[in-house]
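>>> could you work out the structure for the sequence below:
(2 chains)
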There are 2 protein chains.
Amino acid sequence: METRRRGRQTMVFPTQPSIASFASVAGKKEGEGPLASYFDLVENDTKFGQKSWEKAESQMQILALEAALKKKNWQTKDLDVIFAGDLLNQCVSSSFSLRASGIPFYGLYGACSTMAESLSLAAMMVDGGYAEHAAAMTSSHFASAERQYRFPLVYGGQRTPTAQWTVTGAGCVLVQPEGEGPYLQAATTGIIVDYGIKDANNMGAAMAPAAAATLLRYLHDTGQEPKEFDAIYTGDLGHLGSRLFREILTAEGLVMKNHIDCGSILYDAARQNVKSGGSGPGCCAAVLCGRILPRLERGSYRRVLFIATGALMSQTTFLQKESIPAIAHLVELRGPECTARG
Amino acid sequence: METRRRGRQTMVFPTQPSIASFASVAGKKEGEGPLASYFDLVENDTKFGQKSWEKAESQMQILALEAALKKKNWQTKDLDVIFAGDLLNQCVSSSFSLRASGIPFYGLYGACSTMAESLSLAAMMVDGGYAEHAAAMTSSHFASAERQYRFPLVYGGQRTPTAQWTVTGAGCVLVQPEGEGPYLQAATTGIIVDYGIKDANNMGAAMAPAAAATLLRYLHDTGQEPKEFDAIYTGDLGHLGSRLFREILTAEGLVMKNHIDCGSILYDAARQNVKSGGSGPGCCAAVLCGRILPRLERGSYRRVLFIATGALMSQTTFLQKESIPAIAHLVELRGPECTARG
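Reported below is the predicted structural model:
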């Protein structure tokens, strides 16, 4: 049997699954930030026309999926499988967004790493011939996350400088066996890294070592170097976490000149009062679908690494004074004009 | 590219991934039931030597993984990937059980369907050459689930006749490319089915239509008939849900003489006061690893279908008066002595 594994954590996709379509949805605050014009849909109603924030988040997924399908003129019935997950308890944004869809569904929980996790598995299913048309999707909503994890919004709690702002956003990517790209070339599965950080207002510090570990493993497994990529995106390390990420890599002898963190570019830090930047599964999902994939498509990027980072704690583990385990999954992307590497 | 898809929801595994090892862990009540002697480990301490029920549940996963590895003399470093998930918010039983393991990890949320979901994806990764050694694992714990979903245990709340008892149990299955079986032959991905049931004390009724839909789809996609199997197991429909499942199939012209529900056999209903039976991801995980796989291994079963069912609601959706979306994933298993079907 032909192996599609490189090293212990990386898998390659020799058939080069192609991203058929993608779409992003963003909320009001995200629509007032520097990436506003990149999103397919910006909604000023925080509830997206729904009765609750949880339903609003499901609605965002529905809108992202519909927009991605529509661009390609696909129907829900064309999809063989969807991988989706979110931050809410029992991942109800995903199960409620998909409950009327009839799409074969594998539910994921990867916290803010879900966009890379879902895309890795969708790519694998298509590359292996297990699916013809696969989807990967995730979301987060500021208000549903705040209600679940932190304080009632009306409480008006102060934020620490290291805290991040949960992005109201969603992204959906459709994958098919052959097409015009961008292409999915490889994926590295993360391992859980826990450096003992216990401050739930400093997720960036908890996740930075996981992102560095996954990137180092990918480079080791594939023999690539950072300079071979136009950009290396992390999910939602924020300003502080990004600095830590680069410091860790510098200590490993890697100077990262092409690192961009989705959480650090989604808002205008000076103007939008988001402290250390954006976070949430919807953060890098919206940036992937709004900024990264369009650049690959039109050739302004040729090769990109996308590393989504997740903090795997819960409110209960926080109250039980546990540290924050983190994980990062990586996907290697290349544009249509770029020759596949051997 | 060779397709490994049959119909819209079913994938086949032509390389016949082999189950290398498996192990089950059960709690005190489960160790007093009719399946007591089947489990690898029965622990009378509800906390499994830990300080909290949540930690106890993580410990159960650690014990199940260690026991499965030990049977085959594998180390954690031999595993290329593990798929795991559980019922707790943010799936912390799984992330905390694996945080020191160093195993590449994809987190799942499939509620009580997680054993079949994880096994399907592990089989696919091995069959496709993306992993050499994969693991699938899940758990549930009565006390951690009660604390999260229902009442403080000390409250001593009455249970309705349709309620089910969350099983304290865990199961872990290791998959490799070649071996002596049992073999993974195919898997059917579930779609979400929601018949509008809103009673969180009647999960069996919410999940029965999902189980029936997945079984019918599998039979349609593969051309198999129920009578070709020694047993068709469902995960945790319980007594009432099992009756509904068989009624739905009877209406479709299928008389199910070989149906067994894991939740209906794990406890002695008359003696153990579990109302409609057992539930939770650990329910069918422990029965799979304690009873089904050993029977396949020694040839007393030749072919089995394993359909794990999950209810995809949360406490929040319950309070918001939403109905309960359900899903069922199916795995086709065959014993070493049974010839692979074409």
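>>> for the host helix or strand of A:T317, which positions count as buried?
Assessed by DSSP states H and E, A:T317 sits inside helix A:315-319. By neighbour count on 16 or more other CB atoms under 10 Å in any protein chain shown, the buried set for helix A:315-319 is A:316-317. Bear in mind the C-beta positions are built from the backbone N, C-alpha and C, glycine included.
>>> so stretch A:295-314, near chain B or not?
Yes: between stretch A:295-314 and chain B, judged by CB under 8 Å from any CB of the partner chain, the touching residues are A:312-314.
>>> can the residues you listed go into a markdown table with extra columns for neighbour count and pLDDT?
Below are the residues of stretch A:295-314 next to chain B laid out as a markdown table (neighbours: other CB atoms under 10 Å in any protein chain shown; pLDDT from 0 to 100):
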| residue | neighbour count | pLDDT |
| --- | --- | --- |
| A:L312 | 29 | 96 |
| A:M313 | 27 | 93 |
| A:S314 | 23 | 94 |
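>>> I'd assumed A:V274 was in contact with A:D236.
No: taking contacts as CB atoms under 8 Å, A:D236 lies outside contact range of A:V274: 11.3 Å.
>>> identify the contacts common to those two.
A:Q164 (CB atoms under 8 Å, 6 or more residues apart in numbering or on different chains).
>>> comparing these two, which residue is more hemmed in?
The neighbour comparison of A:D236 against A:V274 (other CB atoms under 10 Å in any protein chain shown) goes to A:D236, with 37 against 25.
>>> count residues in the vicinity of A:D45, would you?
With other CB under 10 Å as criterion, A:D45 counts 11.
>>> could you dump stretch A:234-243 to PDB, C-alpha only?
Taking C-alpha atoms only, stretch A:234-243 is exported to PDB below (Å, rounded to 0.1, in the frame of the first residue of the first chain):
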ATOM      1  CA  THR A 234      -1.400  31.200  12.500                       C
ATOM      2  CA  GLY A 235      -5.100  31.100  13.700                       C
ATOM      3  CA  ASP A 236      -5.600  33.300  16.700                       C
ATOM      4  CA  LEU A 237      -2.400  33.700  18.700                       C
ATOM      5  CA  GLY A 238      -3.100  37.500  18.900                       C
ATOM      6  CA  HIS A 239      -0.400  40.100  19.300                       C
ATOM      7  CA  LEU A 240       1.200  38.600  22.500                       C
ATOM      8  CA  GLY A 241       0.900  35.000  21.300                       C
ATOM      9  CA  SER A 242       2.400  35.800  18.000                       C
ATOM     10  CA  ARG A 243       5.400  37.400  19.600                       C
END
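>>> measure the spatially most central residue of chain A to A:C172 for me?
By CA atoms, centre = their mean, the mean C-alpha position of chain A lies nearest to A:M115, the distance being 3.5 Å. With distances taken as CB to CB, to the nearest Å, A:M115 is found 10 Å from A:C172.
>>> so what sits against both of the two?
Shared contacts of A:M115 and A:C172, defined by CB under 8 Å, 6+ apart, comprise A:136, A:285.
>>> pull the residues that contact stretch A:294-301.
Outside stretch A:294-301, the residues that touch it by CB under 8 Å, 6+ apart are A:38, A:181-182, A:230-231, A:292, A:302, A:304, A:333-337.
>>> again, 7 Å this time
Residues outside stretch A:294-301 that contact it (CB atoms under 7 Å, 6 or more residues apart in numbering or on different chains) are A:182, A:230-231, A:304, A:333, A:335, A:337.
>>> tabulate those residues (a markdown table), appending pLDDT and secondary structure.
Shown next, in a markdown table, are those (pLDDT from 0 to 100; DSSP: H, G, I helix; E, B strand; the rest coil):
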| residue | pLDDT | secondary structure |
| --- | --- | --- |
| A:P182 | 98 | coil |
| A:D230 | 98 | coil |
| A:A231 | 98 | strand |
| A:V304 | 98 | strand |
| A:L333 | 98 | strand |
| A:G335 | 96 | coil |
| A:E337 | 77 | coil |
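>>> list just the nearest of those to chain B.
Nearest to chain B, judged by CB to the nearest CB, of the contacts of stretch A:294-301 is A:L333 at 18.0 Å.
>>> now the helices for chain A?
Counting by DSSP state H, one finds helices in chain A at the ranges A:53-72, A:92-98, A:114-127, A:142-149, A:203-222, A:238-251, A:262-265, A:269-272, A:281-287, A:293-298, A:315-319.
>>> deepest of these, which one?
Neighbour counts (mean count of other CB atoms under 10 Å in any protein chain shown) averaged over each of these peak at helix A:281-287, with a mean of 35.
>>> what is it packed up against?
Secondary-structure packing of helix A:281-287 (3 or more CB pairs under 7 Å, 6 or more residues apart in numbering or on different chains; DSSP states H and E): helix A:114-127, strand A:134-140, strand A:169-176, helix A:262-265.
>>> chain center to it: distance?
On the basis of CA atoms, centre = their mean, to the nearest Å, helix A:281-287 is displaced by 5 Å from the centre of the chain it belongs to.
>>> state the mean pLDDT of it.
Mean pLDDT, helix A:281-287: 98.
>>> residues in contact with it?
Defining contact as CB under 7 Å, 6+ apart, one finds that helix A:281-287 is touched by A:24, A:26, A:30, A:35, A:39, A:86-87, A:111-112, A:114-115, A:138-140, A:167-171, A:235-236, A:262-263, A:266, A:308.
>>> 6 Å - rerun?
With contact meaning CB atoms under 6 Å, 6 or more residues apart in numbering or on different chains, helix A:281-287 is reached by A:24, A:26, A:86, A:112, A:114-115, A:138-140, A:167, A:169-171, A:235-236, A:262-263, A:308.
>>> over to stretch A:137-154?
Contacts of stretch A:137-154 (CB under 6 Å, 6+ apart): A:53-54, A:56-57, A:60-61, A:84-88, A:93, A:114-115, A:157, A:166-168, A:170, A:172, A:280-282, A:285.
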